[in-house]
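Asks: okay, here's the prediction I keep looking at, along with the sequence it came from:
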Amino acid sequence: MRAEDPEGVALGDTAMEWGSDALAELLRRLGLPYIALVPGSSYRGLHDSLVNYNGNRDPQLLVCLHEEHAVAIAHGYAKVTGQPLAVAVHSNVGLMHASMAVYNAYCDRVPMLIIGATGPVDAARRRPWIDWIHTAGDQGALIRPYCKWDDQVISVEAALNSLARAYAITREAPSAPTYVCLDVSLQEQPLTDRPAIPDVGRDRSPRSHGPDAATVRAVGELLGQARRPLFLLGRLSRDEQDWDRRIELAERHRALVVSDLKTGAAFPSAHRLHPHPPGLFLTAENAQLIGAADLIISLDWIDLAGTISAAAGLGHPTSARIVSCSTDSALHNGWSKDSFGYQQADLSVPADPDLLVRALLESDGPAEPSEWPASDGAAAADPAAAGGGHDIFMHGLAEALRDALADPHSDSNPDSNPDAGDAGTPAPACLVRLPLGWAGADLEVAHPLDYLGLDGGAGIGSGPGMAVGAALALEGSGRLPVAVLGDGDFLMGGSAIWTAAHYRLPLLIVVANNSFYFNDVVHQERVARQRQRPAGNSWIGQAITDPDPDLGAFARSLGFQAGDQVRDRAELPAALAAAVAAARSGQCVLVDVRVRPDGYAALGG
């Protein structure tokens, strides 16, 4: 990654003289590697201190083109690492820009420390016009319903303590963004005495807590009695040991597993205990498992009540005992309805679900034989779904991308790759994002970083920024970040990719371009049929054509390699192979693929 070093400044060369110097010192001690930002005058003092006091190190500045992208980058980074980045947003106007991405991060339960600023709280110190329109009495109110904690401070000492507290709070489960708003005056205040910097290094508090012994015994007893146990795997960690423990627990009890496209990889898709592909919505096959189970263990599954209800609606009501393990209720409030419906459970476990898995394995309870029929694992996608002729359907794109990523010749230098096994084994990929029409059967995962899930709040425009953040987190890991984005998502947030090009972050973006906001086309067709009106008019107000945006030219203008749009199925393998090879050699690459909307039959939203 290219560093932008300040001229003649090294860490420690500059004395602590200003309020913002003390804040920069604290951010360094917190161990934050980066701060994503769009420059703004309301934190010009902090900006100077990060560059000329900290030497643009720990955290290093990441320049972004929009505040929503800055937050999305921190979101993508946290999806990979589980760790927060710092984000700086300018005054109330920057926070307004960022608010959609903050909501996504909140719904996805990821940590980040957002630093805002305001014009002088003291009205007598405000410059004419600009300081008045960039000052708010309670900036945090803009995002408080979807923010874990916020504060607005007017002194250096208060700011130091609030930033330390916000960092601790965002890392504690359940994670969500925190926000601290700094008065511009405190940043530019000369220091007469060195303030007390919180000793953040002494904090060894656990980020999450496991279940108590009585709860572990109760769950173990239920598992011991069950003959058809079913695990619903939701928001779980990217840790490889946690991944292995989930497999071990399922195998011990021969429990079947259901996973979800909304969340990241939680269990190997080809495992015999994962019989059906995941879906964005509950599939009929997985609904049948819910109806047949005698014990359902939900490990932070998203919308448990809705899932149980959907299974009943598909003809598979459940009489199973239900164990729900999640700390999520700590974030539920009256404004955001991402708490979903109330599902009565036989046992609610307010603990980290991965710690429950670990405790169950350590309890050595007896495992009774399961009555589930044997399975060979999730079924592969139907090759016929790739379509015929020259058209490219979504399955055809998935198949071609999978082949390109598996091709050993697409890795130009495997010896430099720490994850590559030998010269014939390409480096693994991390699917950062997938579009709505991607079928669960086309997702193959064997590692927790094979797929990161969606964005939490289903806000269009988040994909490009999250792809950049994941690329930042994966830099040097040997794992290639790949994001497959819809054209609407890319066009709304596409300027985010400039940051990847600017900092030389290898990244492959494939745009599944159907030239529509096609999810809404499906909705309009549904409404028209219900009202017995012409469904053929559903494209009006949805098409992204006339003119067709030139995504390749747009990407090239932002520093990416990109060719002409790929429209012919026969040309797709070569285009993707070349793109994968370029990305694995360290380039930023975009491939624009025209896909047939017919490939979106899986949509149910």
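Replies: Perfect, I can see it now. Numbering: from 1, shown residues only.
Asks: for residue 299, give me its contacts.
Replies: Residues counted as contacts of residue 299 (Cβ atoms under 8 Å, 6 or more residues apart in numbering) are 231-234, 236, 266, 325-326, 353-354, 356-357. (Glycine included, C-beta is placed from N, CA and C.)
Asks: partner residues bridging it?
Replies: Note on residue 299: beta-bridge partners by DSSP bridges are residue 233, residue 325.
Asks: you'd agree residue 322 is in a strand?
Replies: Yes. Under DSSP: H, G, I helix; E, B strand; the rest coil, residue 322 falls within a strand.
Asks: what sits against it?
Replies: Counted by Cβ under 8 Å, 6+ apart, residue 322 has contacts 295-296, 298, 304, 308, 343-347.
Asks: could the residues you listed go into JSON lines alongside neighbour count and pLDDT?
Replies: Formatted as JSON lines, those follow (neighbours: other Cβ atoms under 10 Å; pLDDT from 0 to 100):
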{"residue": "295", "neighbour count": "22", "pLDDT": "98"}
{"residue": "296", "neighbour count": "29", "pLDDT": "98"}
{"residue": "298", "neighbour count": "25", "pLDDT": "98"}
{"residue": "304", "neighbour count": "21", "pLDDT": "98"}
{"residue": "308", "neighbour count": "26", "pLDDT": "98"}
{"residue": "343", "neighbour count": "18", "pLDDT": "94"}
{"residue": "344", "neighbour count": "9", "pLDDT": "94"}
{"residue": "345", "neighbour count": "16", "pLDDT": "97"}
{"residue": "346", "neighbour count": "13", "pLDDT": "97"}
{"residue": "347", "neighbour count": "15", "pLDDT": "98"}
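Asks: show me those residues that map onto helices.
Replies: Judged by DSSP state H, helices contain the following of those: 304, 308.
Asks: which of the contacts of residue 322 fall within strands?
Replies: 295-296, 298, 347 (DSSP state E).
Asks: how about exporting the least confident helix or strand in the chain by mean pLDDT as CSV, limited to the C-alpha atoms?
Replies: Lowest by mean pLDDT, DSSP states H and E among the helices and strands of the chain is helix 518-530, with a mean of 89. This file holds the C-alpha atoms of helix 518-530, laid out as CSV (Å, rounded to 0.1, in the frame of the first residue of the first chain):
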residue,chain,number,x,y,z
PHE,A,518,-34.3,-5.3,-11.5
ASN,A,519,-35.4,-6.2,-8.0
ASP,A,520,-38.0,-3.4,-8.4
VAL,A,521,-38.9,-4.6,-11.8
VAL,A,522,-40.0,-7.9,-10.2
HIS,A,523,-42.0,-6.0,-7.6
GLN,A,524,-43.7,-3.9,-10.3
GLU,A,525,-44.6,-7.0,-12.3
ARG,A,526,-46.1,-8.6,-9.2
VAL,A,527,-48.2,-5.5,-8.4
ALA,A,528,-49.4,-5.2,-12.0
ARG,A,529,-50.5,-8.8,-12.1
GLN,A,530,-52.3,-8.5,-8.8
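Asks: quick one: residues in contact with the helix or strand following it.
Replies: Next helix or strand after helix 518-530 toward the C-terminus (DSSP states H and E): helix 551-557. By Cβ under 8 Å, 6+ apart, the surrounding residues in contact with helix 551-557 are 487, 490-491, 494, 497, 509, 511, 513, 561-565, 590, 592.
Asks: re the thing from before, buried ones in the least confident helix or strand of the chain, by neighbour count?
Replies: Buried residues in helix 518-530, counted by 16 or more other Cβ atoms under 10 Å: 518-519, 521-522, 524-525.
Asks: what residues are up against residue 198?
Replies: Residue 198 neighbours (Cβ under 8 Å, 6+ apart): 26, 160-161, 164.
Asks: oh, that last question was meant for residue 42, not what I typed.
Replies: Going by Cβ under 8 Å, 6+ apart, residue 42 touches 90-91, 94, 116-119, 134, 184.
Asks: now go through the residues you listed and say which are in strands.
Replies: Counting by DSSP E, the part of the contacts of residue 42 found in strands is 116-118.
Asks: now distance to residue 397, pLDDT and neighbour count too, for those, in TSV please.
Replies: Shown next, in TSV, are the ones in strands among the contacts of residue 42 (distance: Cβ to Cβ, whole Å; pLDDT from 0 to 100; neighbours: other Cβ atoms under 10 Å):
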residue	distance to residue 397	pLDDT	neighbour count
116	40	97	28
117	43	96	30
118	46	94	25
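Asks: count of residues packed around residue 133?
Replies: A count of nearby residues for residue 133, using other Cβ atoms under 10 Å, gives 12.
Asks: tell me how far it lies from residue 93.
Replies: 8 Å (Cβ to Cβ, to the nearest Å).
Asks: what does residue 390 give?
Replies: 47 Å.
Asks: between those two, point out the one with more neighbours.
Replies: residue 93 (15 against 10).
Asks: let me know the pLDDT of that one.
Replies: According to the prediction, residue 93 has pLDDT 96.
Asks: quick one, grab the pLDDT at the residue nearest to it when sequence neighbours are not counted.
Replies: Nearest residue to residue 93 in three dimensions, chain neighbours excluded: residue 134, at 6.5 Å (Cβ to Cβ, 6 or more residues apart in numbering). Looking at residue 134, its pLDDT reads 92.
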